[in-house]
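# need a 3D model of the following:
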Amino acid sequence: MDENITQHFRPDEAPFIDAITGWLQQVQDEYRPVLTHFLNPRQVYIATTLARHADIPVQFSGGHAHAEMQRALFYPEYYTPEAKDFELTLMQVDYPVKFATLHHSQILGTLLGSGIEREILGDILTDGEVWQVVTETSMVDYLTSQVDRIGRVKARLKLGDWTQLVQPLNEWESESATLSSLRLDNIVGTGFHLSRHRAKELIEGGHVRLNWADTLKPDYELDVADIVSVRGFGRIRLDEVAGRTKKEKIRVTLAVLKK
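Below is the predicted model:
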């Protein structure tokens, strides 16, 4: 991959960039579509940039219009992608709604505890009572056979109906800000109106995840499409970095999803 492109990404993103480069090369060499596992928003951003640079078409789908986790389909010019090409299945959690309450972390923990990787799962959706999971079609039988309870609640996964897709309760709120830096602790503090010291404590205490991975580095520099999860507070997505002010502050647009 051209160094002029890769220099715009972080060193720790090199393995993912190498993976994309391999998929793009596969499309060129074999002249056929290549489907990835689920990508997080930052990975979608990188994949879009590299595919555009390589002049190879790409489409993304996570099963619904506002999906965070999406599969990428790289394909040659002759090909016209269809919805079925993304091999997505909607599953619904069958549990005693009147007698139990479930949480996102419980469902995700149960699914990952069954032995699969996060990249196999798409979004986990709820309207407060109904819980649904988007997953790769090839994993449906495995997940169905593995899950018989979530936490202490007796539950199972069954096939869902795309026409009955739930509309999530929570909505992201857009917020413009000017920052001295794109450090993780600065973003966390700004998004949730916390002091830099408090934000640093949360990060070093293991309460913060970046793009679904644990991080303990308050000084980690964020970039466009990164998603930060803060236990007990919610999530922040860095949507835009829009240059600097006359005082050299960085203009950004954040999307904040509060608990």
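# ok, what's across the strand from the nearest residue to Lys259 once chain neighbours are set aside?
Once flanking residues are discounted, Lys259 sits nearest to Gly234: 4.6 Å by CB to CB, 6 or more residues apart in numbering. C-beta coordinates here come from the backbone N, C-alpha and C atoms, glycine included. Beta-bridge partners recorded for Gly234 (DSSP bridges): Val230, Lys258.
# thought Gly234 was touching Val256?
Yes - at 6.8 Å, Gly234 counts as touching Val256 under the criterion of CB atoms under 8 Å.
# mutual contacts of these two, please.
Contact criterion CB atoms under 8 Å, 6 or more residues apart in numbering; residues shared by Gly234 and Val256: Phe192.
# that older thread, quick one: contacts for the residue nearest to Lys259?
Phe192, Val256, Leu257, Lys258, Lys259.
# any idea how far it lies from Thr110?
Gly234 sits 22 Å away from Thr110, taking CB to CB, to the nearest Å as the criterion.
# with Glu119 instead?
17 Å.
# swap in Glu201?
Noted for Glu201: a distance of 29 Å to Thr110, by CB to CB.
# before we move on, back to that, Glu119 and Thr110 - which one has more neighbours?
Legend: neighbour count by other CB atoms under 10 Å for Glu119 and Thr110, higher for Thr110 (21 against 16).
# let me see the contact set for that one.
The contact partners of Thr110, taken as CB under 8 Å, 6+ apart, are Val147, Arg149, Ile150, Gly151.
# you'd agree it is in a strand?
No - under the criterion used here (DSSP: H, G, I helix; E, B strand; the rest coil), Thr110 is helix, not part of a strand.
# what pLDDT is listed against it?
The model reports Thr110 with a pLDDT of 94.
# what about it, distance to His103?
With CB to CB as the criterion, Thr110 and His103 are 11 Å apart.
# how about Ser145?
Applying CB to CB to Ser145 and His103 gives a distance of 23 Å.
# cool, and Thr245?
40 Å.
# what do you get for Pro81?
Pro81 is 35 Å from His103, by CB to CB.
# and the two? which has more neighbours close in?
Between Pro81 and His103, Pro81 has the larger neighbour count (other CB under 10 Å), namely 16 against 12.
# list the contacts for that one?
By CB under 8 Å, 6+ apart, the residues touching Pro81 are Pro33, Gln59, Leu73, Tyr75.
# Ala19: how many residues sit nearby?
For Ala19, using other CB under 10 Å, the count is 13.
# SS state for it?
What three-state DSSP gives for Ala19 is helix.
# not counting sequence-adjacent ones, nearest residue to Leu125?
Leu125's closest residue in space is Gln132 (CB to CB, 6+ apart), at 4.7 Å.
# where does that neighbour sit: helix, strand or coil?
State at Gln132, reduced to three classes by three-state DSSP: strand.
# show me the domain layout of this structure.
What automatic domain parsing lists as the domains of the chain is 15-80, 88-164, 173-258.
# ends of the first one, how far apart?
End-to-end distance of domain 15-80 (CA to CA, to the nearest Å): 29 Å.
# now the second one
Distances were taken as CA to CA; on that basis the terminal residues of domain 88-164 are 15 Å apart.
# can you report phi and psi for Asp214?
Note on Asp214: backbone dihedrals following degrees, to the nearest 10 are phi -60, psi 140.
# repeat for the one 4 residues further on
For Pro218, the backbone dihedrals are phi -60, psi -30 (criterion: degrees, to the nearest 10).
# what is the burial count for it?
20.
# thinking again about what came up before, which one of the contacts of Pro81 has the most neighbours?
With neighbours defined as other CB under 10 Å, the most crowded of the contacts of Pro81 is Leu73; it has 22 neighbours.
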